[in-house]
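*Asks:* Pasting the sequence and the predicted coordinates here, then a few questions.
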2 protein chains.
Amino acid sequence: MTLVGDLSESELLARFVPLLGAPGAALVGPGDDCAVLSAPDGKVVVSTDVLVEDVHFRRAWSSAREVGRRAAAQNLADAAAVGAVPTGLVVSLVLPGELPAVWVEDLARGLDDACRPWGAGVVGGDLAGGPLVVLAVTVLGDLEGRAPVLRSGARPGDVVAHAGVRGRSAAGFALLDAGRADDARVPADVRAVVLDAFRVPSPPVGAGRAAAVAGATAMLDVSDGLLRDAGRIASASGVRLAFDDPADVLADEVALLSPVAAALGADATQWVLAGGEDHGMLATFPPGVALPDGFRTLGRVEELPTDGARVTVGGRAVRAGGGWDHFGPGKD
Amino acid sequence: MTLVGDLSESELLARFVPLLGAPGAALVGPGDDCAVLSAPDGKVVVSTDVLVEDVHFRRAWSSAREVGRRAAAQNLADAAAVGAVPTGLVVSLVLPGELPAVWVEDLARGLDDACRPWGAGVVGGDLAGGPLVVLAVTVLGDLEGRAPVLRSGARPGDVVAHAGVRGRSAAGFALLDAGRADDARVPADVRAVVLDAFRVPSPPVGAGRAAAVAGATAMLDVSDGLLRDAGRIASASGVRLAFDDPADVLADEVALLSPVAAALGADATQWVLAGGEDHGMLATFPPGVALPDGFRTLGRVEELPTDGARVTVGGRAVRAGGGWDHFGPGKD
């Protein structure tokens, strides 16, 4: 079996690069000191995210293709979260020499899998040796002439809405972390749903653009949990985000995760409200706007009372760290 | 002393972000899911480079500020090498919890040091924990309406020229690697020059744009050694790059490094021709073009003979790996 350490950088690139589709925006692809992407809007959005082995993923839990899909997906979500269309990615890879070369090929396939549906693709990168796998992915995107949707635009009276799944990644992680990925007390289809959600998030990338077109006033992608990320919109906008009772607006998600929670002695509502890594779009819209497909109303934006909580759920204050009800304060 | 592990991500960002100057191109800076940079040209250049602790730098050898300056500088060089003006950087950082927080602040100062002279700056990033420091920097740049200068445009008859220093980083590394940074047989000013060159390369960023304006036909920044990188232009262009004898065209650089080479039993000419990490601009120009300031003629572009060497020095073939004369073939 060929290992990374058996290959020169150019030999490794010769295996990796052909697996990447060239996006439509690529004027110059890999092979020069820079790639060149079209930016027809006269501006470009850019974001970067890093995944570290044994911090964000484990090779024993996720295939290389899943790691690649995840790394790309969370970056595509960042572009979507300001209302942009992703155009291209660059990837810095740190690879141990003892890694099989096929692992790196599968990683390339995973990056391409995630990009292809959105017309994006990997246009450049860098390789380095190191003691563990690190992927730093940077996404560029195009706003198509729109203003970016920032965190700071929510106004009292706006509707709080979300597109994408909620809590599934956290539930999948909890199953794996407990060594219970095969627990027969959880229906097999539910296990598959949450394990897939953890291994490869499926952010609703198109919903970001749709929200911007519909006039969203603020948006972000939920990486650290619904309530914690809601606190970021609230802080940036100087408002309160008031969520309705999850038993009313998120009962289906809680019900889906309940068999997993029951098997682990965990709280499905906490996963839904505070679980990270699902990369859904949390947005605020002016009242009366018809929400784009995929968005569900979860609450509304209110004036921030003096000394009041930035985020409430069913009328109860949420602590600074995003915990809900009995959850203690955490770091945000 | 406050450690990285004592701080939440937002607390660490609150120390880091204020040390970064906002570049003129930043329409939206840090704090949202994406930064937004102006791209007045309707296209954007992008490149990424990763630095890994104990692979590319050692904390015992380089201050955090030097690491930051180096990481930014080598990315700025990539933008310059296609003829672009760097506009903004994003930085993914992997940090061990036991790292002092001031190390991270100094890193931010170093990134900003390197960007500020060129009007660029860090506009976003990501932080993650991990067992060692990794910096993945991505640079964006603007071509100001020009076509990018690629590796593939060199034509027989063109002049081969270089701007920047040659071999100094390799000499500095060799001194440090031998534990001889204080070796009194090397004049102190020469030691300072080569150690500085290793710790913080000073790529001639402005020379890249100047070369493009002057009509350079091919260009790259020299990261792996003059001859090896010349081979890349030769391969991409289907030509030979014929360097004049270094005793004629690079005697001053060889002379500068000779005391270091003498102290270590090394070969100063090899450092000049094959040493990496200086990040100078290697370019080809049509014959008769007045070379921009900082460029020096090193040879010319020739037709590639069937089965002939892609790179020659003083008429002698260079092996595939960039070695010169008696150096064996290596991986490229």
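*Replies:* On my side now, so go ahead.
*Asks:* If you tally nearby residues, what's the number for residue A:315?
*Replies:* For residue A:315, the neighbour count with other Cβ atoms under 10 Å in any protein chain shown is 9. Any C-beta I mention is one placed from the backbone N, CA and C, and that applies to glycine too.
*Asks:* Give me every residue in the stretch 101-250 of chain A lying close to chain B.
*Replies:* A:123-126, A:128-132, A:134, A:136, A:138-141, A:143, A:148, A:150-152, A:219-221, A:236 (Cβ under 8 Å from any Cβ of the partner chain).
*Asks:* Can you flag which of the residues you listed belong to strands?
*Replies:* Counting by DSSP state E, the members of those that fall within strands are A:123-126, A:128-129, A:134, A:136, A:138-141, A:219-221.
*Asks:* Narrow those to just the buried residues.
*Replies:* Applying 16 or more other Cβ atoms under 10 Å in any protein chain shown to these, the neighbour count classes A:123-126, A:128, A:134, A:136, A:138-141, A:219-221 as buried.
*Asks:* List just the nearest of the residues you listed to chain B.
*Replies:* If you rank those by distance to chain B using Cβ to the nearest Cβ, residue A:136 comes first, at 3.2 Å.
*Asks:* How about the contacts made by the closest one?
*Replies:* A:48-51, A:91-93, B:48, B:50, B:92, B:126, B:134, B:136, B:138 (Cβ atoms under 8 Å, 6 or more residues apart in numbering or on different chains).
*Asks:* related to what we said a few turns ago, which two among the ones in strands among the residues of the stretch 101-250 of chain A next to chain B are spaced furthest apart?
*Replies:* Within these, A:129 and A:219 form the most distant pair, 38.4 Å apart (Cβ to Cβ).
*Asks:* Mind jotting down where the helices sit in the stretch 1-150 of chain A?
*Replies:* Along the stretch 1-150 of chain A, counting by DSSP state H, counting those that start in this stretch, helices occupy A:9-16, A:64-80, A:101-115.
*Asks:* looking at those helices, which is buried most?
*Replies:* Most buried of the helices of the stretch 1-150 of chain A, by mean neighbour count (mean count of other Cβ atoms under 10 Å in any protein chain shown): helix A:64-80, with a mean of 27.
*Asks:* Sketch out the low-pLDDT regions of chain A for me.
*Replies:* A:320-332 (pLDDT under 70).
*Asks:* mind listing the strands in it by residue range?
*Replies:* So, for chain A - with DSSP E - the strands run A:26-28, A:35-38, A:43-52, A:85-95, A:122-129, A:134-142, A:159-163, A:218-221, A:239-243, A:281-285, A:295-303, A:311-313, A:316-317.
*Asks:* buried stuff in stretch A:279-299?
*Replies:* Residues of stretch A:279-299 classed as buried: A:279-285, A:289, A:291-292, A:294-296, A:298-299 (neighbour count, 16+ other Cβ under 10 Å).
*Asks:* can you check stretch A:144-158 too?
*Replies:* Neighbour counts over stretch A:144-158 (16+ other Cβ under 10 Å) mark A:146, A:148-154, A:158 as buried.
*Asks:* picking up where we left off before, in CSV, list the helices of the stretch 1-150 of chain A along with distance to residue A:31.
*Replies:* Converted to CSV, the helices of the stretch 1-150 of chain A look like this (distance: least, Cβ to Cβ, whole Å):
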stretch, distance to residue A:31
helix A:9-16, 9
helix A:64-80, 20
helix A:101-115, 15
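*Asks:* Let me know which of those is the nearest to residue B:253.
*Replies:* When the helices of the stretch 1-150 of chain A are compared by Cβ to Cβ, helix A:9-16 sits nearest residue B:253, at 26.2 Å.
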